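quick one, fold the following:
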Amino acid sequence: MQGLCDKPEIRAVLDEFGIPAEHVVYGVASMGYPAEPVTDEKERIGEVAYIE
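Presented below is the predicted three-dimensional model:
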């Protein structure tokens with residue numbers, strides 16, 4: 001996302017969220033619950049590390 005922040009279409013969305021023009025977005029996360037229950041379990045590959 002770092003290189004995309006200056007594209008007019010992306011900047012317009014960032015402006016709607018109140019993100020200042022001098023800030024750079026390094027990543028995004030989508031959180032929530034599915035509208036319907038998930039019926040098929042997929043194998044989870046890899047590891048996620050949370051660093052504080």
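
show me where this structure has helices.
8-16 (DSSP state H).

centroid residue for it?
Taking C-alpha atoms, centre = their mean, the centroid of the chain lies closest to Val28, which sits 1.9 Å from it.

distance check, it against Pro34.
According to C-beta to C-beta, to the nearest Å, Val28 and Pro34 sit 18 Å apart. C-beta here means a position set from N, CA and C on the backbone, and glycine is covered the same way.

same question, Ile19
Applying C-beta to C-beta, the value for Ile19 to Pro34 is 27 Å.

retrieve the pLDDT associated with Ala12.
Note for Ala12: predicted pLDDT of 91.

count the residues that sit near it.
By other C-beta atoms under 10 Å, 9 other residues sit near Ala12.

quick one: the residue sitting furthest away from the middle of the chain from Asp6, how far?
Ranked by distance from the centre of the chain (C-alpha atoms, centre = their mean), the top residue is Thr39, with 24.7 Å. Applying C-beta to C-beta, the value for Thr39 to Asp6 is 42 Å.

got it, and Ala29?
22 Å.

ok, those two, which is more surrounded?
Between Ala29 and Asp6, Asp6 has the larger neighbour count (other C-beta under 10 Å), namely 11 against 4.
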